[in-house]
Every structure is written in structure tokens, then in C-alpha cells.
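> sequence? don't have it. structure:
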Ligand SMILES: Nc1ncnc2c1ncn2[C@@H]1O[C@H](COP(=O)(O)OP(=O)(O)OP(=O)(O)O)[C@@H](O)[C@H]1O
Ligand SMILES: [Mg+2]
């Protein structure tokens, strides 16, 4: 074939047609074909990079440069398909993969006359004014739903979209911005993937993690859709150049990079066009959400720049589609505002309820000493399922000599044939544990969580079929779980390594995952997890967002998450195939949860404590269906029935208890305490003059110590019990936290008007009935006698409690120096309290 005979060469016509359609100039394409032959990949390389990247082959073919950097990045271990531009274009044209120089499978003739009708349509038709121009809109008689069915069938093997997906697609079709709020695993990705298949334009997806982009690109390639991802690390000009020339149907990009690529994106918007900007995991925009990324906030530039008023070649604004599974009402408002989404944004809202997830909460110390008790069942399940032979797993991963990734493998020396090798591994493992222990917490995993910062994924020739998840309407509490992996979330990096070690020693195929581990290891864990080589991944929050593995059967949280959003997001990794799956939270009810250290404004601290408190209350709850609490948290009413699967639905609530007597004593003490501090609840400005100095309101610990010391029948009810009562009184609105920033547990309780009314009326016959929560029940079953010194010392090890107490001390000292009038004749606060309480009793 003569590469110069462009006009008569079928392959050359085809290449020209496609590249023209993608926005390349005719002259440049012809020139490139003249040099490198009619191979799309090489023509594009030539046009983008000049003659340096490809050398002319004798006979008009071409030869790739052997060092293909991006291919190496995407394919560091030879697992992914080698980079070739020929794989990138076929999906929308109906032609499948073809190799360089070969005849395309569909018959193309010359450029103008015999081109694929779809391409002709895409090039020749003017866009309709009010709707997106679909790829195959040439006959003007297209049926919108048919088109979607066709691409779904072709690429994913099923033929209908879910209702919410259709709503989101309708919004896109009408060029409208759209906010999609739908449960984890419901299929939000399809909402932005389908537009890429319906037009000749490109979809740009903003995503927060490389691992997430990587997984999605890999899946798309398997379904015959070319995609690439661009992280924030060292850019790969080749992949980036091709992305900005429209060579991939879908471009995944992290927010930092999208901001850097504004100008190239504008060019892309002109030719071949951008169908949609999708912002996945959009809750990251909000400071009030659980996974705030500052760069997400800057994405308002998308709405500001990619509109027809700014870019004259656009007939319509390029629609924004924002998607998340975990946005509360304030977060939703913040998203719309921060991204400056259009006033006509369509909000697509579906149920957050996951009917196949079985939620449970268990009390545990959640420390290494409780592993044996808590993981016995899990270990038994896996060992039984593969006919455990009584030996521990010796080797978890293939060891890569230069990598630390396998260094936490089983430390069971006795099971080894090679003592030296194991002892080396043991040393490595120990140093690895130590190293990871130094940096305890993963808070906000960075974007670049893999050792590749960008990569391209090429559509495979035979798209994988995409099975429908089985919707298990009949899931029941007694049903046993299918086989499948487990993810255990622990709060600390050290915890990931320790627990993974423990599980490996117990015979399981387990791996640790935290942001401090080598990125090559993290990628390896992802790969092994997705290929079912691992049974358990023990991870921090670094492993979570968007992970779409269909058969995860158990999500275990070993320690309280920072928010219900984070909890629901992580729990949402389970049962994405629709089959019954367990979500178990182990929480220490006796311990006050603390916030992970982070830079926060007062407002953010307040919000963070509120989220942590809500999460703790979820764990302590004994009376409301867990699924109901979770969906209500996201603003959804659940109806009267529970899920009938969670521990609360199964066990039923505990017996109600009349807390009236204790409530009256507690509230009287609060009133008395406040009076000693010179505060008069009856004065009219008490509730109108704003928050007072914390020192001027009662102190929870003092009140409880006082009650336990002075009233013998309450001596055995410890602080945990009274905290339970305080939660009940707060719930019914009789007390409120007086501190500027309320923490997880009430610390400075003050009476509300309703509380005062209750105290002053308290008709004898009416009780104050409530369900004791899980901590209260524990306190009842484990009474503790009072000791004033131990009361004060408890919790001192917790930095947050220490800080608060020291702040409290300072406040008291300051107050002493002030001019507050003390009631005459009393020396200590306790004496004052005692006198006032006995006065109030006498009055009764
Ligand atoms: N129309 C559909 N019909 C059947 N299954 C679908 C459909 N759309 C998507 N799915 C399935 O849903 C699974 C989860 O999809 P996806 O990853 O898009 O969920 P998501 O809503 O983005 O979840 P997350 O919030 O956790 O990221 C996919 O693997 C796919 O199997
Ligand atoms: Mg998703």
C-alpha cells in the first residue's frame, strides 16, 4: 500500500474521516499519513508530537518508539493492554479494534460519499437547539430510549437504565446541570458514561482518587470504551496530549489537574467537543461533608468558563453532572452553591436505602486484645470455606525484592521451610509496623494513592458482559452469606498492619492498606482484591470511595468512624451485586470518641463534632432500625417498618425505663450548680443574651460526682450511666450543651425552658420513659462504686479531654480573679451545691 495515495486508499480515508471528526486539521492529517502511513495511532502521534515519536517504516508502515512511557505507567507489570491508539476510536463507530495498517472491519470508502453514516451525521448535522446531538441522529427519527438501550446492550450487556439514571440522562440531554444523589452501588457512573457513547464528544470526569479512576478506566476498557486518567503527579505529555485531542471517550482527571488544563479543555470543548463535565464523589466539595478536598471547591471554574456566553463556539453551556451517595441536606446546598451550578439544576434524588445490607453494632474494646474474640467467627468462616488444613498462610503475596509490600506477611516462623527467609521477612515486617505506627492516622487520602499518576486504557476487543445485580427482595436476617471478600476498616495505620498480621497468622489471605504504605503495594492490594486473591483487606479510610467490587460480603468497622457519611460510604462497598451482606460496627461504648486531629475553623470543629456525635448515637442506639437512622440522616423518611434485618429489628428494643427520678435529681443539681455560679434561670435574659462563659454554667462531671457522693442509692451509677440520661434529656429538649462548641458528650449541661417547666410541674403520675441506650445498658450490667479521685483521673490520657480540662481550669482561675459575687459563707463549690440542693429538697 502506498501511503501517499491518500485519495484512493480506503484505510487512509477512514483515518482521515475519524481524525477530522475529532478536530484535527485535514492538512496535518494528510501530511502525517504521507510520512507515517494510514495508521491512526501514528498519525495522531505525528500530529501531536511532530516526527520525533514515530519513524517511517519502509513501505509506508510505521514503527513505534520502543519506550512508551504511558504504556509503562498503565502497564507496569504487563497486566494491561499495550498502548495503541487504534483501540481508542472504534467504540462509537461500530468498528471494533483494528491493528495498524489493517482494513477496518466496517467498510469505509471515500471521505465524503461513503463514510460511516454515524460519522457523517456527527460531522454534518447541526446540533439541535434544545437537545444534545446524538451520535446516530442522522435520520431525525431516533428514539432516545432506544439509543440508550442500544449502547447499553452493546457495551454492558443489558438493555435498560434505572429510573434515576434516565432522569440524569434526560437532564444532560436537555443541556441542564444535574445533581445526582443515589445510594452507593446504585449505578451513578453510568449516568456520565452513557453520554460518552451517545455522542462523538468526550466526557470529562473529575474524581478524587487515582485508585478510583484507575478501577473505572479498567472496567470501561473491558466494556469496550477507551478512557484515560490524569492524576496530579508528573504529567505524561503523551497521554495528556491525546486526551486533550479527544482520543479517549472518557477522561478521568483529578481536580488539581483539571484546573491546570483549563486552556486545553477549552480547545477540546471546540473540537471534538465536551459532552459533559461529571464531578464524581461531589460531597468532597463541601466543608461540611466527610471528605473535604479544598481543590473540589475551585471547580466552580467549570460552570463559569464552559458556557456559551464565554465560549462563542458553544451553542449551549456544557452541562455539569455532580454525583454522590453521601450528602446531607446542608452538603447538597453547599455543593450547588460552591460549584455555582445553574439555577435550573435538576436534582435527581433516589432512596439511599440498601435493602441487602444487614447492619449490626457490637461493643468491643477494639484493641489487639479483643481480636481473638471479635474475629474468631470471620477466621472460622474463611478457613472452613476453603477446607483449612490447620496451617497458617505462609506467604501472602509474591515478594518483590525491592518492595516493602509483602513485609507484613505471616510472621509464623514455625510454618516455614526456609528459616532465614522468614526471619528476614520478620525483621522487615517489624520495621514496617514500626514505621507505620509513627504516622498513626489517615485522614484525607491524597489524590495520588497509586504509583502511577496517569494512564490510558484501551477498549478490549470483546466487551465483558455486565451482569445485572440480583436484587434480593427476600433477604432475611437468618440467611447465610455467600462467599466473598471482607474489608475491615480500622482508624489507625498501625491497626491495619497489626490486624492484617493477626489474620494472616490465623490462616487468612489478608493485606493491610493505608496511605503511608508504598504506592506500588497499594496498587497491588487493589489488584489482588479485585482478582479475589485476597480474602480480607484491613484498611484505613484510604481504601473506600467508589470501590466497586460486586461480591464484597462483609464490611467491618473496627472502631467508630468520624461520621455517618463516612460509615455509609464505606459500608456501601458491600453487596453491590445485590446479595445479602453484613455491615458490622465494633465500637467501644465506654469510651468517648475523639476527633482526628486536623486544622479546622471553629465552625468546622462544631460540624465535625456534630457528625461524630451522630455517629456515636447511631452506635449506641437500641430502639430504632439502623437502616432507618442511616437514611434519615440523609433526609429520607423510611416509613413505619424497619429493615427487619439489623440487630435492632431482630433483637427488639430493651425494656423501657422510667428515668424521672434520676432526671429530677440531675436537673435540680444543674439548677443548683448554676445558681452558685450566679446564673438565674428565671431571669428573662437567660436565654436571650447568647452563650455564656462555660465557667458560668454547670459542669457535667461535677454534677455527677456530687450526686454519686451525696446520694447513696446513686453511688453505683457511674458517669456512663449519667451520660445516657443526659442524652435522653437532651433528646426531649430538657437540657442543652452550653459550650460554644458542643462535643460528643454533653459537658456543660444547662436547663432549657422545657426543662424548667418539667422541673416545676412534674406531675407525680407521669414518668419519663425512654429506652436505655447501649452504653447505659452496659453501665447497668457493670455497676461501679464511686471514688472521687478515680473519677477525676479517668480520661486524662485522652488529649482532647486533657485539653478541655486544662481550659476549664484556666477558666476557673480567671473567674476567681474576677469580681463575681460568691454566696456568703461557702468555701467550695461542693459545699455551695450541697446547701442549695438541700434547700431545694426542703422546698419540695
Ligand atoms: N442500569 C443498571 N442495571 C443494572 N445494574 C447496574 C445498572 N447500572 C449500574 N449497575 C451496576 O451497579 C454497579 C455499581 O455501579 P457504580 O459503581 O456506578 O455505583 P455508584 O452509584 O457510583 O456507587 P458509589 O457511590 O459507591 O460510587 C455496577 O458495577 C453495575 O454492575
Ligand atoms: Mg461511584
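Looks like it arrived, so ask away. Here the structure is a predicted model, which is why all the values come from computation and not from measurement. Ligands and ions are numbered 1, 2, ... in the order given.
> element containing the nearest residue to residue 353 once chain neighbours are set aside?
Take residue 353 and drop its neighbours on the chain: the residue closest to it by C-beta to C-beta, 6 or more residues apart in numbering is residue 631, 5.1 Å away. (Glycine included, C-beta is placed from N, CA and C.) If you go by DSSP states H and E, residue 631 is part of helix 626-633.
> which residues sit against that helix?
The contact list for helix 626-633 (C-beta atoms under 8 Å, 6 or more residues apart in numbering) reads 328, 351-354, 357, 359-361, 564-565, 567-568, 614, 618, 621, 638, 642-643, 645-649.
> mind redoing it with 7 Å?
Residues from elsewhere that reach helix 626-633, judged by C-beta atoms under 7 Å, 6 or more residues apart in numbering: 328, 351-353, 359, 564, 568, 614, 618, 621, 638, 642-643, 646, 648.
> how about stretch 257-273?
21-23, 200-202, 204, 206, 230-232, 244, 246, 274, 295, 298, 301, 305-306, 311, 313-314, 318.
> of those, which belong to strands?
The strands in this structure, assigned by DSSP state E, contain 202, 204, 206, 230, 274 from these.
> ok so, going back, only the buried subset of the contacts of stretch 257-273, as a ChimeraX command please.
Here is the ChimeraX command that selects only those of those that count as buried (16 or more other C-beta atoms under 10 Å):
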select :21,22,200,201,202,204,206,230,231,232,244,246,274,295,298,306,314,318
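> can you list the residue ranges for strands in the stretch 151-300 of the chain?
Under the criterion DSSP state E, counting those that start in this stretch, strands of the stretch 151-300 of the chain are mapped to 178-181, 202-206, 227-230, 250-253, 274-279.
> quickly find the element holding residue 585.
Using DSSP H and E, residue 585 sits within strand 581-587.
> is any residue of that strand near ligand 1?
No: figure legend: strand 581-587 not in contact with ligand 1 (C-beta under 6 Å from any ligand atom); closest approach 13.3 Å.
> circling back to that earlier point, after the helix holding residue 631, which helix or strand is next? Please name it.
Downstream of helix 626-633, the next assigned helix or strand under DSSP H and E is helix 647-651.
> can you tell me which residues in this structure are near ligand 2?
Those residues of the chain that sit near ligand 2, judged by C-beta under 5 Å from the ion, are 188, 546.
> residues touching stretch 335-355, excluding its own?
If you take C-beta under 7 Å, 6+ apart as the criterion, stretch 335-355 is touched by 164, 167-168, 171, 176-184, 186, 279, 282, 285-286, 297, 299-300, 303-304, 320, 322, 327, 475, 572, 575, 627, 631, 634, 636.
> by proximity to ligand 1, which residue of this protein wins?
As assessed by C-beta to the nearest ligand atom, ligand 1 sits closest to residue 187 within the chain, at 2.6 Å.
> got a list of what that residue touches?
Going by C-beta under 7 Å, 6+ apart, residue 187 touches 162, 165.
> mind checking pLDDT for it?
The model reports residue 187 with a pLDDT of 94.
> look up phi and psi at residue 368.
Main-chain dihedrals, residue 368, degrees, to the nearest 10: phi -60, psi -30.
> and if you look at residue 150?
Backbone torsions for residue 150, taken as degrees, to the nearest 10, come to phi -60, psi -50.
> now do the helices in the stretch 601-750 of the chain.
In the stretch 601-750 of the chain, the helices defined using DSSP state H, counting those that start in this stretch lie at 602-620, 626-633, 647-651, 660-676, 700-710, 719-731.
> using CSV, lay out those helices together with distance to ligand 1.
Formatted as CSV, these follow (distance: least, C-beta to the nearest ligand atom, whole Å):
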stretch, distance to ligand 1
helix 602-620, 19
helix 626-633, 14
helix 647-651, 24
helix 660-676, 42
helix 700-710, 39
helix 719-731, 31
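> and those helices as JSON lines, adding mean neighbour count?
Formatted as JSON lines, the helices of the stretch 601-750 of the chain follow (neighbours: other C-beta atoms under 10 Å):
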{"stretch": "helix 602-620", "mean neighbour count": "19"}
{"stretch": "helix 626-633", "mean neighbour count": "21"}
{"stretch": "helix 647-651", "mean neighbour count": "17"}
{"stretch": "helix 660-676", "mean neighbour count": "20"}
{"stretch": "helix 700-710", "mean neighbour count": "20"}
{"stretch": "helix 719-731", "mean neighbour count": "22"}
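> out of those helices, flag the one nearest residue 220.
Nearest to residue 220, of all those, is helix 626-633, at 30.4 Å by C-beta to C-beta.
> against ligand 2, how distant is the residue nearest to residue 353?
Residue 631 is 18 Å from ligand 2, where distance means C-beta to the ion, to the nearest Å.
> show the pLDDT at that residue.
According to the prediction, residue 631 has pLDDT 96.
> my guess is residue 607 contacts residue 290. True?
No: between residue 607 and residue 290 there is no contact under C-beta atoms under 7 Å: 10.1 Å.
> now check stretch 157-171, is it near ligand 1?
Yes: figure legend: stretch 157-171 in contact with ligand 1 (C-beta under 6 Å from any ligand atom); contacting residues 158, 161, 162, 165.
> that should have said stretch 280-295, apologies.
No: Stretch 280-295 stays clear of ligand 1 (C-beta under 6 Å from any ligand atom), getting no nearer than 7.1 Å.
> what is the neighbour count of residue 637?
When neighbours are defined as other C-beta atoms under 10 Å, residue 637 has 8 of them.
> and residue 538, its phi and psi?
phi -100, psi 110.
> ok, it to residue 378 distance?
Counting by C-beta to C-beta, to the nearest Å, the separation of residue 538 from residue 378 is 11 Å.
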